[in-house]
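> For reference, the sequence and a predicted model appear below.
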Amino acid sequence: MRTQVVIIGGGPSGLLLGQLLHRKGIETVILERKTREYVLARIRAGILETGLVELLREAGVSERMDRESLVHDGTCISYENELFDINFSKLIGQNVVVYGQTELTRDLYDAREAAGGRMIFETENVEIHDTERDAPYVTFTVDGTEQRIDCDFIAGCDGFHGVSRKTIPDSVRKEYEKVFPFGWLGILSETPPVHDELIYANSQRGFALCSMRNENLSRYYVQCELTDRVEDWSDEAFWEELKRRLPEAVADKLVTGPSIEKSIAPLRSFVCEPMRWGRLFLCGDAAHIVPPTGAKGLNTAASDVHYLYEGLVQFYQDKDAEGLDTYSQRALARIWKAERFSWATTNMLHRFPDQSDFDLKMQRAEIESLHHNEIAQRWFAQNYVGLPY
Ligand code: RFL
Ligand code: PHB
């Protein structure tokens, strides 16, 4: 088999890249290790920056999003009983939208199917070959049969645990990592959101987040121990803990109900450099991870897709490799800023095991500065809605 670009990974990065390239007449094959149902059962991101929204429009997959997503003009932060709003629209004239990653991924799968794009599920033993030469290829097995696809380029969109990143030799690859000493326990429940904006809560008992998917679907998180297991947390225990971390006036309004999903995610900052090795290009979680506090994971994946898409179109349409040659540099310049925002927001809002009284005072002073200083709020707003591509 032969194609122009092999995309490894059928998550949001791989699907979006495939759809954008398809609309420019560039042929791709997507390889996905799991089934479509498995990928769609993963509950993840909820907040989309303007850049991602624009990219989805360009990819021709925005119809349902434009109809169903909720526009958010700001976000709220609480500490003990204080609650304040950072209004992005007023501060910088921009906003974000709430639309679940699951829905966005479903729209992309539907578009790929409608376009007749090739997609191979349940691929095993994916290996990348000859990326430093002009004729790379990918081998894999599916249903016990070994297959090979020859191509011009490979997009490694296979997430943090994929094979693409590890294909870059150790002597070339440098990884930067910070593992946080806690996780997030998240639940999804068919209850109305407690507030019209998201609430990021710093409390003595640890961080909490009130988010949502629609008027009758809420997403809540509490900071938990890395050793906690989902089975240890009954719904009742979760709601009780969440209420204790929110301002009283908010906790009193919280509508609880049975969870329809419950999971624990560890928090990590991670960047791999470079993001290109010959004809292999890394995109999204394959190259970098952020703690979810700034809602940047899916959005940084989207900016990578944007740069790679531009580079590939320039290569095929104008016979110019400049965009591909500068891909890693351009993508990383934006990634590091998003890493810094996510790391800083995580530090500001969580309880750390070794925090001294001095550290707690510093954290409090930082939140109060954000509460009362418009310049600090503008910086936060610019980063939250997403830096320009
Ligand atoms: P994905 O989604 O991990 O998809 C990679 C795909 O590659 C497949 N794969 C392979 N396929 C073939 N061969 C192999 N060898 C393969 N190895 C892996 C996998 O099966 C999978 O289908 O990466 P991608 O596409 O780069 O997308 C990244 C996003 O999923 C991720 O950054 C976000 O979900 C992060 N995130 C958030 N991001 C935001 O922008 N806003 C948010 O509000 C937000 N909230 C979150 C989040 C992530 C969370 N968790 C659970 C990590 C909240 C949570 C709780
Ligand atoms: C979510 O709705 O899942 C969500 C929202 C904001 C975040 C992280 C997760 O910062």
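Alright, I've got the coordinates. Ligands and ions are numbered 1, 2, ... in the order given.
> And for D232, the neighbour number?
Neighbourhood size, D232 [other Cβ atoms under 10 Å]: 12. C-beta: built from backbone N, CA, C; applies to glycine.
> Look at it and report its pLDDT.
Looking at D232, its pLDDT stands at 95.
> The one 10 residues further on too?
Looking at L242, its pLDDT stands at 98.
> now do Q147
98.
> Checking it next. Helix, strand or coil?
Secondary structure for Q147, judged by DSSP: H, G, I helix; E, B strand; the rest coil, is strand.
> How confident was the prediction at the closest residue to it other than its chain neighbours?
Spatial nearest neighbour of Q147, chain neighbours left out: F140 (5.9 Å); criterion: Cβ to Cβ, 6 or more residues apart in numbering. pLDDT, F140: 98.
> was I right about F140 contacting E32?
No - proximity of F140 to E32 does not meet the contact threshold set by Cβ atoms under 8 Å, at 10.6 Å.
> Just want to know which of the two has more residues nearby.
More crowded of F140 and E32, by other Cβ under 10 Å: E32, with 24 against 21.
> Now do the contacts for the more buried one.
Counting by Cβ atoms under 8 Å, 6 or more residues apart in numbering, E32 touches 9-10, 14, 39, 119-123.
> so who does A287 touch?
156, 165, 271-272, 275, 304, 331, 335 are the contacts of A287 under Cβ under 8 Å, 6+ apart.
> How about the residues of the stretch 101-250 of the chain by ligand 1?
101, 123, 126, 157-159, 162-163, 184, 186 (Cβ under 6 Å from any ligand atom).
> Let's see that with 5 Å instead.
126, 158-159, 162-163 (Cβ under 5 Å from any ligand atom).
> By neighbour count, which of the residues you listed wins?
D158 (26 neighbours).
> With the flanking residues excluded, which residue is spatially nearest to D73?
D73's closest residue in space is S89 (Cβ to Cβ, 6+ apart), at 4.0 Å.
> quick revisit: now compare the residues of the stretch 101-250 of the chain next to ligand 1 and name the two farthest from each other.
Using Cβ to Cβ, the two most remote members of these are V126 and G159, lying 12.4 Å apart.
> what's the residue in the chain positioned nearest to ligand 2 in contact with, if anything?
Closest to ligand 2 within the chain is G46: 2.8 Å, counting by Cβ to the nearest ligand atom. Applying Cβ under 8 Å, 6+ apart, one finds that G46 lies in contact with 98-101, 211-213, 219, 295.
> now swap in S164 and tell me
8-9, 128, 154, 156-158, 280, 282, 286.
> Just put the contacts of A287 in TSV and tack on neighbour count, pLDDT and distance to N347.
Output for these, formatted as TSV (neighbours: other Cβ atoms under 10 Å; pLDDT from 0 to 100; distance: Cβ to Cβ, whole Å):
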residue	neighbour count	pLDDT	distance to N347
G156	31	98	30
R165	23	98	26
V271	20	98	17
C272	23	98	22
M275	26	98	25
D304	30	98	25
A331	27	98	24
I335	22	98	18
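> Point out the ones among these that are inside strands.
156, 271-272 (DSSP state E).
> how about the nearest residue to E248 once chain neighbours are set aside, what does it touch?
Leaving aside its chain neighbours, E248 sits nearest to N81 (6.0 Å; criterion: Cβ to Cβ, 6+ apart). If a contact means Cβ under 8 Å, 6+ apart, then N81 has 247-249 as its contacts.
> For the stretch 51-200 of the chain, just list every one of the strands.
70-72, 74-79, 82-87, 96-98, 118-120, 124-129, 137-142, 145-150, 153-156, 174-189, 199-202 (DSSP state E, counting those that start in this stretch).
> Could you list the low-confidence segments of the stretch 151-300 of the chain?
Within the stretch 151-300 of the chain, no range satisfies pLDDT under 70.
> what ranges do the helices span in it?
Using DSSP state H, counting those that start in this stretch, the helices found in the stretch 151-300 of the chain span residues 164-167, 235-245, 248-253, 297-318.
> Quick one: closest of the ones you listed to E225.
helix 235-245 (11.9 Å).
> for the closest one, packing partners?
strand 174-189, strand 208-214, strand 217-224, helix 248-253, strand 259-273 (3 or more Cβ pairs under 8 Å, 6 or more residues apart in numbering; DSSP states H and E).
> okay, and the common contacts of F140 and E32?
With Cβ under 8 Å, 6+ apart as the test, F140 and E32 both reach 120, 123.
> how is the chain carved up into domains?
5-70+97-177+268-345, 181-267+352-385 (automatic domain parsing).
> Quick check: which of these is buried the most?
domain 5-70+97-177+268-345 (a mean of 19; mean count of other Cβ atoms under 10 Å).
> How far off centre is stretch 32-47?
In terms of Cα atoms, centre = their mean, to the nearest Å, the centre of stretch 32-47 is found 12 Å from the chain centre.
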